[in-house]
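S.K.: could you work out the structure for the sequence below:
(one chain, ligands or ions: 1)
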Amino acid sequence: MKKLIIAILMMALPALGMAAGPSIPLLSANIDLDDKESLQRGAAIFIHNCLNCHSAHYMRYNRVSEDLGMAESEIKSMMFTTDNVGDTMVVALDPKEAKAWFGTLPPDLTVIERFRGADWLYTYFLSFYKDDSRPFGVNNLLFKDVGMPHAMLGMQGLADPIYRDETLPDGSIRKVVDSLSQPAGGAMSTADYEEAVRDLVGFMVYMGEPAKLVRYDLGWKVILFLIFLTFLLYLLKKEYWRDIH
Ligand code: HEC
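M.R.: Presented below is the predicted three-dimensional model:
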């Protein structure tokens, strides 16, 4: 038995190693899936800024409009990669060109939140900074040497890196990015950009598991039913015991 436990622990060890945390502490996304207006704004940001390069192959436009309480005409006015609301969110970009431009294919984003988590995504969109050595002039604190340009540069503007010295084992010193300056040149204030990113990530959480909205809505109805049932059973119990006494 002891050997078995040790064997299981040994098997789990590599997985623990892989789950080692990200390079910087994650910020908290604080998503509220009950806030339909936030999710609607997130859908608009996603469609306008991300579908140029990424697809969301498992999500249909009319499902989004239905789930988030948007008029079909509203979602239709945002669409540009197809004009059929029954279609899935296909990408505008030709995959061959994508490979040539970015060196890698922008991944499908339907369920990326299930893989990365909301806090990771929120932090990622707040971690772009100016780096002229990179092909698109930007780098990312959370995803080093990322192949993606800063898709929301116009909204956020660009932050400068603030460096600190790090001493290597051989005693030499190298500069590493410690933190980021206040972004400059964007259309939004920092607070508004953070809010927009929260909307976007909220939409990505919803997209990763649309049934969550239904479940949240169903949850309190089930609880109410259970309370009612308890009350009924209590009356029934009293009825039975009356005969026994
Ligand atoms: C100009 C093209 C382009 C646009 C626009 C773009 N991306 Fe990307 N994105 C990429 C590429 C290329 C990668 C792959 C980067 C890599 O692996 O180095 C990527 C990677 C990502 C990743 C990381 C995937 C992973 O490995 O976990 C996320 C998340 C992401 N994009 C989300 C978005 C969102 C959300 C938007 C819209 C706000 C967006 N992207 C807009 C090209 C783009």
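
S.K.: which residues touch Glu194?
M.R.: Glu194 makes contacts with Leu126, as judged by CB atoms under 8 Å, 6 or more residues apart in numbering. Just so you know, the C-beta spots here come from the backbone N, C-alpha and C atoms, and that holds for glycine as well.

S.K.: look up how far the ligand lies from it.
M.R.: 14 Å (CB to the nearest ligand atom, to the nearest Å).

S.K.: next: Asp178.
M.R.: 23 Å.

S.K.: give me the element that residue is part of.
M.R.: Assigning secondary structure by DSSP states H and E places Asp178 in strand 173-180.

S.K.: same thing with Leu33?
M.R.: Using DSSP H and E, no helix or strand contains Leu33.

S.K.: now the element after the lowest-mean-pLDDT helix or strand in the chain, going C-ward?
M.R.: The weakest-scoring helix or strand in the chain, judged by mean pLDDT, DSSP states H and E, is helix 2-18 (a mean of 55). Note on helix 2-18: by DSSP H and E, the next helix or strand toward the C-terminus is helix 36-50.

S.K.: okay, that following helix in CSV with CA atoms only?
M.R.: Output in CSV follows, covering the C-alpha atoms of helix 36-50 (Å, rounded to 0.1, in the frame of the first residue of the first chain):
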residue,chain,number,x,y,z
LYS,A,36,-25.1,41.2,-19.4
GLU,A,37,-24.2,44.7,-20.5
SER,A,38,-20.5,44.1,-19.7
LEU,A,39,-20.6,40.8,-21.7
GLN,A,40,-22.2,42.6,-24.6
ARG,A,41,-19.5,45.2,-24.6
GLY,A,42,-16.9,42.4,-24.4
ALA,A,43,-18.5,40.7,-27.4
ALA,A,44,-18.2,43.9,-29.4
ILE,A,45,-14.5,44.4,-28.4
PHE,A,46,-13.8,40.7,-29.3
ILE,A,47,-15.4,40.9,-32.7
HIS,A,48,-13.8,44.2,-33.6
ASN,A,49,-10.3,43.6,-32.3
CYS,A,50,-9.6,39.8,-32.4
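
S.K.: the next helix or strand after it pairs with which strands, parallel or anti?
M.R.: Per DSSP H and E, the first helix or strand lying C-terminal to helix 36-50 is strand 56-60. Paired with strand 56-60 in the same sheet, following DSSP bridges, are strand 88-89 (antiparallel).

S.K.: distance between the helix or strand just after the partner strand and the chain's centre?
M.R.: As assigned by DSSP H and E, the chain's next helix or strand after strand 88-89 is helix 95-102. For helix 95-102, the separation from the chain centroid amounts to 24 Å (computed by CA atoms, centre = their mean, to the nearest Å).

S.K.: so for the longest helix seen in the chain, what gets flagged as buried?
M.R.: The helix spanning the most residues in the chain, taking DSSP state H as the definition, is helix 211-244. For helix 211-244, burial by neighbour count (16 or more other CB atoms under 10 Å) applies to Leu213.
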